[in-house]
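1. dropping the sequence and predicted coords here.
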Amino acid sequence: MGIIRTFVSTAILGGAGSAGAFAFWTRNSKFVPFSATDPILSTTFYAQNNPNRNPATQDLCIRRVPLSKIKPALIEKEKEGKLVEAFCAGVWSGLGYAYQRRYLEKKYKNNTTTAHQLWSRQELASSTYDVGTQITDHFEVLSKSPSSILIRCGDSPLKNTVRDSDGLFEIGVEVKKEEGVAEFRLKSCFYKGLGKADGKPMPEHVEFAHRLYTKLWMETAVRSLTL
């Protein structure tokens, strides 16, 4: 979990200049309660990879954006999944993920086992994130619908069995035409897959850092979609 603290201190506090400036910049990204009946907890992926039903660190961040501020071409093809694809591309190709992307690239990119994965900003920006897409040897798309993309995280996608550190990350969007907004969502669920855990996988200070990092991803991704 130390890598999260490093990314937060470097990419967030260093880039934004101060905690106060960052808080103001991300003020529209808000965490809302994570439902105990959330559909992500009923997926076969969660059941298979958390066989002992270990406690999980869960959160849901939302960002509401007026439809008038979103690129019209994305709204026109929202039901075809183009808006969620663009949002997903914005998460991975945006500045919010740049530091981690470079770190993972230096450590894990090679011409054999990870050559098929997405690494460059260009690849990440243009991908449609179909099922099976692997991202920087740390994420893999498990399922996709016109409104959400579910991704496995926590370790290399080359490890497709139960893992010690594991998680699910959902990138989603809902267009609420009656309210004139699109609601963007970043949903996380982290857990220990192997063995029996007595508590959540993240201590409070790491969970706090993760939430700051989530807000960074949200803001940089949304800005790639707006006029």
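-> Noted; the coordinates are in hand.
2. am I right that residue 54 sits in a strand?
-> No - membership of residue 54 in a strand is not supported by DSSP: H, G, I helix; E, B strand; the rest coil, which gives coil.
3. what score does the closest residue to it other than its chain neighbours have for pLDDT?
-> Once flanking residues are discounted, residue 54 sits nearest to residue 197: 4.0 Å by CB to CB, 6 or more residues apart in numbering. (C-beta placed from N, C-alpha, C; glycine too.) If you check residue 197, the pLDDT there is 97.
4. ok, now residue 8?
-> With respect to pLDDT, residue 8 scores 51.
5. also residue 24?
-> Looking at residue 24, its pLDDT is 89.
6. same thing with residue 147?
-> Looking at residue 147, the pLDDT reads 98.
7. residues contacting residue 220?
-> 90, 91, 94, 95, 96, 97 (CB atoms under 8 Å, 6 or more residues apart in numbering).
8. and if you look at residue 80?
-> By CB under 8 Å, 6+ apart, the neighbours of residue 80 are residue 146.
9. the residue nearest to residue 54 is in contact with residue 56, isn't it?
-> No - at 9.4 Å, residue 197 and residue 56 do not qualify as touching, with contact defined as CB atoms under 8 Å.
10. so between the two, which is more surrounded?
-> With neighbours defined as other CB atoms under 10 Å, residue 197 and residue 56 compare such that residue 56 has more, 22 against 17.
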